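[1] Return a 3D structure for these sequence lines:
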Amino acid sequence: MASGCTAGGEIALEIDNHLLIAALQDRIESVRRSELERFRSRLSRLDERQRGAVEDLTKGIVTSFFDDPMRGMLGCAGSPRGERMADALRDLFRL
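    Presented below is the predicted three-dimensional model:
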């Protein structure tokens, strides 16, 4: 817990972190969908089952890639390290 934080401040930081994570997830999903759209002509040769597998694969990659960093950020919420991590995400992903 960061020194000088009140319970209300901790709740506000937790809400801010959850909003940041939601914004990042939205951005990542937008990129994922854009890339699938970009490859739509190549994917059109696939049957429905194969397209579903590609969809599941891309979702799985995104989830796996960001799961640990998001857990780490939530675990550090309210600390100076957590704030640095949140600031870095905002800067890196223009959130």
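[2] Show me the residue at the heart of the protein, geometrically.
    The centroid of the chain falls nearest to Q25 when counting by CA atoms, centre = their mean (3.5 Å).
[3] List the residues that contact the closest residue to that one other than its chain neighbours.
    Excluding its sequence neighbours, the residue lying closest to Q25 (CB to CB, 6 or more residues apart in numbering) is F66, at 7.7 Å. In short, each C-beta sits where N, CA and C put it, glycine included. By CB atoms under 8 Å, 6 or more residues apart in numbering, the contact list for F66 reads 24-25, 28.
[4] Format these as a markdown table; extra columns: pLDDT, distance to L89 and secondary structure.
    A markdown table is the format used below for the contacts of F66 (pLDDT from 0 to 100; distance: CB to CB, whole Å; DSSP: H, G, I helix; E, B strand; the rest coil):
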| residue | pLDDT | distance to L89 | secondary structure |
| --- | --- | --- | --- |
| L24 | 90 | 6 | helix |
| Q25 | 90 | 11 | helix |
| I28 | 92 | 11 | helix |
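[5] Apart from its neighbours in sequence, what residue is nearest L20?
    Once flanking residues are discounted, L20 sits nearest to A86: 5.7 Å by CB to CB, 6+ apart.
[6] Look at the one you found and say how many residues are nearby.
    19 (other CB atoms under 10 Å).
[7] Remind me which helix or strand it belongs to.
    In the assignment (DSSP states H and E), A86 maps to helix 80-93.
[8] packing partners for that helix?
    Judged by 3 or more CB pairs under 8 Å, 6 or more residues apart in numbering; DSSP states H and E, the packing partners of helix 80-93 are helix 7-38, helix 48-75.
[9] chain center to that helix, what's the gap?
    Relative to the mean C-alpha coordinate of its chain, helix 80-93 is positioned 13 Å out (CA atoms, centre = their mean, to the nearest Å).
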